[in-house]
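1. Curious how this folds, go ahead:
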Amino acid sequence: MFSKSTASTTEKRVAITNVDSWLGYCSAYGLAQELEKKCQEVTLVCLACNTDRLDKLKGLKNVHIVKVDYNDTNQLEKALQGVSCTILIPELDERRAEFGKNVLDAMNKQGVKSCMMISCDGASEDCDLKSIESFCRLEKQVEQSCSSCYLILRKGFLNQCFFFWSYAVKEKAEFPLTIEKDNKMAPLDTHDLVGAITSIVVKKCQDTDHGPGFGSHKNKTYTLTGPNELTPEHFVRELSDAIGKEVKLRHVERDELKKYLESLMHRPVLPMRISEDAPMAAGGGGHNHDDHEYFPINEAMIELLLDELEMIKRGKAGFASNDLEKILGHQGKSVRDFLRKEKDAFKPNHV
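-> The predicted model follows:
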């Protein structure tokens, strides 16, 4: 192993940021498990501002967790010593572009040549939506700072984000959305996003020349989506079929949906379970479960979610892409797959 300040000359190190977020945690946990199976010489360096909810990650022997302040470039440089590749998952903070640039500057000072950034669908557009614009700005910084080896994965709207609506479905049998009933979206399953990240990083670590590179994916920008486009009306029909109860689609304005999402800030919504086989959300939306098993949501996450929906409403995001198949060799899980697996999270307690 290695000390916290100095990496061994015989091991390889990959870094991942924002592991104290739900997506960062899921990505780090899934990647660490695959690295342990296939690249046992690789240590996964996990950067986090808050390490309180990371006990399961701490229990993995190939994981090294580093608590950082993204404003402190000295801390970031120290954390990235000996790292060959960084997976940059932007912070759930309005300062994400600034924090991301600090990570990129620290990478450059430490000679880290490769960067995979997880962005969001529509980030290529000139956009007046603050969250989307920050991803666009950070993408450009990644391309400039890591011009010799970068990969940008723009994620579509995630299936697991529908957990945010579990309480509205359970309590009122309704699904409030800001997008129109005939807008199209192609939600991506988180397991497939983590699978894509893992597949590319594992192949990179198995590369015998140990040089920076993402193979045929080098210096590409992909948009990862689910296999099928569907409208909100179609989604609600699928949800109703899955739970055996009619759910009504209700169009609402942004402020009303924001108020509903803010009401979830102290309720369990995003589960820490990440098994491919078992449901992620146990017992229907978190009732009778330890809140420590769930990640809290914050204002920045809510604003990003609302902006992603706005991009779909404007027709700037939500189109099905075949980029996931270029990485995994398949089109990924459908919304129907997700709903059949997670139906109990949306069922009223008496059903």
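
2. so residue 86 touches residue 110, yeah?
-> No: if you go by Cβ atoms under 8 Å, residue 86 and residue 110 don't touch, sitting 9.5 Å apart. For every residue, glycine as well, the C-beta is placed using N, CA and C.

3. which one of these two has more residues nearby?
-> Set residue 86 next to residue 110 and count neighbours by other Cβ atoms under 10 Å: residue 86 wins out with 28 against 18.

4. So which residues of the stretch 201-350 of the chain form strands?
-> In the stretch 201-350 of the chain, the segments counted as strands under DSSP state E, counting those that start in this stretch are 220-224, 248-251, 270-271, 294-295.

5. so what secondary structure elements neighbour the worst-scoring helix or strand of the chain on mean pLDDT?
-> Least confident helix or strand of the chain, by mean pLDDT, DSSP states H and E, is strand 270-271 with a mean of 78. When contacts are defined as 3 or more Cβ pairs under 8 Å, 6 or more residues apart in numbering; DSSP states H and E, strand 270-271 packs onto strand 294-295.

6. Mind checking the pLDDT average for the strand it packs on?
-> If you average the pLDDT over strand 294-295, you get 82.

7. which residues touch it?
-> 21-22, 25, 53, 268-272, 286 (Cβ atoms under 8 Å, 6 or more residues apart in numbering).

8. now swap in stretch 249-259 and tell me
-> Outside stretch 249-259, the residues within contact range by Cβ under 8 Å, 6+ apart are 174-178, 180-181, 232-233, 236, 260, 302, 306, 309-310.

9. Most tightly packed of the strands of the stretch 201-350 of the chain?
-> strand 270-271 (a mean of 23; mean count of other Cβ atoms under 10 Å).

10. which one of the contacts of stretch 249-259 sits closest to residue 126?
-> Comparing the contacts of stretch 249-259 against residue 126 with Cβ to Cβ places residue 310 closest, at 14.4 Å.

11. didn't the closest one look like it was pressed against residue 129?
-> Yes: if you go by Cβ under 8 Å, residue 310 and residue 129 touch, sitting 5.9 Å apart.

12. what touches both of the two?
-> Counting by Cβ under 8 Å, 6+ apart, nothing touches both residue 310 and residue 129.
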